[in-house]
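Q: quick one, what's the 3D model for this:
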Amino acid sequence: MRDSLQLLREGPVARLRLDRPQLHNAFDAGLIAGLTEALDELGRDPGVRVVVLEAAGPSFSAGADLHWMRGMAEASEADNREDSLKLARLMRTLDTLPKPTLARVHGAAFGGGVGLVACCDIAIATRNATFGLTEARLGLLPAVISPYVIDAIGPRQARRWFATAERFDAAEAHRIGLIHLLVDDEAALDAAVMQQSEFLLQAGPVAAATAKSLVHRIADAGDARAIDDANAALIASLRVSPEGQEGLSAFLGKRRPTWTTES
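A: Numbering: from 1, shown residues only. Below you'll find the model as predicted:
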């Protein structure tokens, strides 16, 4: 399962690299299972504070592997449902990973590759990257990744791109909210990923890890009083926690908190 992945550790930063460059890092059952397993392990690792998702070769991910798709086209509906649930688990695992995540995007990101980008907390791409939700060309839809893509780009944009299956460039991906930062080349991409990682390492580990769950809860909630009560409880617990106490003490004492690393 791990033949198609590399894991590189740079202190508290884990770089998880898709490594099927000859196939443009296309998805198959092995890659989906291996990536899910690796993310589960990183999520449990107390030494990991930031996860960077990146890719070897000329593309980030071209979406589904053609051989895998051919096999699934010949499988039963029940088998296809089970297979799709495995992809759904991968996306859910990445979206809810209890660590900040960064997508380092270059080349092509199509189909499920766009889903991976949308699931990450921060997405950075080169200006020559290309994107596409191309499933409709095959009479399909990006159903499994749709919750994350719609969350990233909004319903109005999703209605267009899901239906037309057009490819779009990095400038458009940035405009619609799929990408946070654009850079000129891969050297600048590495520098931007490093800078964002450093920003995350300056934040309290618990605060950074909890940020996405806070956003999810607010975005999904409908009861204003329940939101206020939950937010009050969260900030109260953070203020009296060891991390909160250290952060406030460091700020008031005009010193660096103990969790920061030297840049």
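Q: A26 reaches F60, doesn't it?
A: No - using C-beta atoms under 8 Å, A26 is not in contact with F60, being 10.8 Å away. For the C-beta atoms, the positions are set from N, CA and C on the backbone; glycine is no exception.
Q: which sections of the stretch 151-263 of the chain are below the confidence cut-off?
A: For the stretch 151-263 of the chain, residues meeting the criterion pLDDT under 70 lie at 227, 231, 261-263.
Q: what segments of it are strands?
A: Assigned by DSSP state E, counting those that start in this stretch, the stretch 151-263 of the chain shows strands spanning 167-169, 181-183.
Q: mind listing what the last one pairs with, with the direction of each?
A: Right, the one you point to is strand 181-183. Strand 181-183 pairs in its sheet with strand 122-126 (parallel), by DSSP bridges.
Q: same question for the first one.
A: Strand pairing for strand 167-169, using DSSP bridges, gives strand 130-132 (antiparallel).
Q: any idea how far the partner strand is from the middle of the chain?
A: 16 Å (C-alpha atoms, centre = their mean, to the nearest Å).
Q: now tell me what touches it from outside.
A: By C-beta atoms under 8 Å, 6 or more residues apart in numbering, the residues outside strand 130-132 that reach it are 107-111, 114, 117, 165-170, 172-173, 178.
Q: which residues sit in contact with F60?
A: With contact taken as C-beta under 8 Å, 6+ apart, F60 is in contact with 18, 25, 54, 103, 105-109, 113, 116-117, 129.
Q: nearest to I153, of those residues?
A: V117 (10.5 Å; C-beta to C-beta).
Q: need the contact list for the closest one.
A: F60, A103, V105, A109, A123, A125, F131, A152, L178, I179.
Q: of the contacts of strand 130-132 - the most surrounded one?
A: When neighbours are counted by other C-beta atoms under 10 Å, A109 leads the contacts of strand 130-132 with 32 neighbours.
Q: secondary structure element holding that one?
A: Using DSSP states H and E, A109 falls within strand 108-110.
Q: what packs against that strand?
A: Under the contact definition 3 or more C-beta pairs under 8 Å, 6 or more residues apart in numbering; DSSP states H and E, strand 108-110 sits against strand 130-132.
Q: so E186 makes contact with H106?
A: Yes - if you go by C-beta under 8 Å, E186 and H106 touch, sitting 5.8 Å apart.
Q: joint contacts of those two?
A: T126.
Q: ok so, going back, export the strands of the stretch 151-263 of the chain to a markdown table and append columns for distance to I145.
A: Below are these laid out as a markdown table (distance: least, C-beta to C-beta, whole Å):
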| stretch | distance to I145 |
| --- | --- |
| strand 167-169 | 16 |
| strand 181-183 | 21 |
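Q: pull the contacting residues for V144.
A: By C-beta under 8 Å, 6+ apart, V144 lies in contact with S84, L87, A88, M91, G112, G115.
Q: I meant to write R92 there.
A: Listed by C-beta under 8 Å, 6+ apart, the contact set of R92 is empty.
Q: hmm, L133 is touching A165, no?
A: Yes - using C-beta under 8 Å, L133 makes contact with A165 at a distance of 6.5 Å.
Q: distance from the chain centre to the lengthiest helix in the chain, please.
A: Looking only at the chain and at elements set by DSSP state H, the helix with the highest residue count is helix 77-95. Once both centres are worked out by C-alpha atoms, centre = their mean, helix 77-95 turns out to sit 16 Å from its chain's centre.
Q: may I see the buried residues of it?
A: By 16 or more other C-beta atoms under 10 Å, the buried positions in helix 77-95 come out as D83, L87, A88, R89, L90, M91, T93, L94, D95.
Q: quick one: the helices in the stretch 51-200 of the chain?
A: Assigned by DSSP state H, counting those that start in this stretch, the helices in the stretch 51-200 of the chain fall at 66-73, 77-95, 112-119, 146-153, 155-164, 170-176, 186-202.
Q: for S213, which of these is the nearest?
A: Judged by C-beta to C-beta, the one of these that comes nearest to S213 is helix 77-95, at 10.6 Å.
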